[in-house]
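A.B. asks: below is the structure, and that's it, no one-letter string:
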Ligand SMILES: [Zn+2]
């Protein structure tokens, strides 16, 4: 992401969230590596910035509203706790007979997916 863009984003975010200097610094370093098509994992952002999961989603949803991210879903088997390595744009994109290749558990779009974000604008 361009530095001018990330600076503006961070400036707006710090107005709404109490981010420390350290978190602002980390966030700007992270944003530098965001490219169109990059996948952003909420859990990763949360642990890097040491913020709550609610704050993490607030930040991500803000970036979504600004047109930088879109919400995608990754299939994650809740029975054997493994990622299938498959990302879909919408829960309806998951075939009805989709099964976990590791434990054969039938994938339920509601319980066996996690929301992730995809960068759609990096300028
Ligand atoms: Zn499984």
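C.D. replies: Alright, I've got the coordinates. Quick caveat, the model's predicted, so the values are computed rather than measured. Numbers count the residues shown, from 1 in each chain.
A.B. asks: OK, contacts around residue 66?
C.D. replies: Shown in contact with residue 66 (C-beta atoms under 8 Å, 6 or more residues apart in numbering): residue 9. Bear in mind the C-beta positions are built from the backbone N, C-alpha and C, glycine included.
A.B. asks: same question for the one 10 residues further on.
C.D. replies: By C-beta under 8 Å, 6+ apart, the contact list for residue 76 reads 82, 83, 84, 112, 113, 114.
A.B. asks: check which residues of the helix or strand where it lies are buried.
C.D. replies: Following DSSP states H and E, one finds residue 76 within strand 69-77. Residues 69, 72, 73, 74, 75, 76, 77 are the ones in strand 69-77 that count as buried (16 or more other C-beta atoms under 10 Å).
A.B. asks: using JSON lines, lay out those together with pLDDT and distance to residue 43.
C.D. replies: Output for the buried residues of strand 69-77, formatted as JSON lines (pLDDT from 0 to 100; distance: C-beta to C-beta, whole Å):
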{"residue": "69", "pLDDT": "97", "distance to residue 43": "15"}
{"residue": "72", "pLDDT": "97", "distance to residue 43": "14"}
{"residue": "73", "pLDDT": "96", "distance to residue 43": "14"}
{"residue": "74", "pLDDT": "96", "distance to residue 43": "11"}
{"residue": "75", "pLDDT": "95", "distance to residue 43": "16"}
{"residue": "76", "pLDDT": "95", "distance to residue 43": "11"}
{"residue": "77", "pLDDT": "97", "distance to residue 43": "16"}
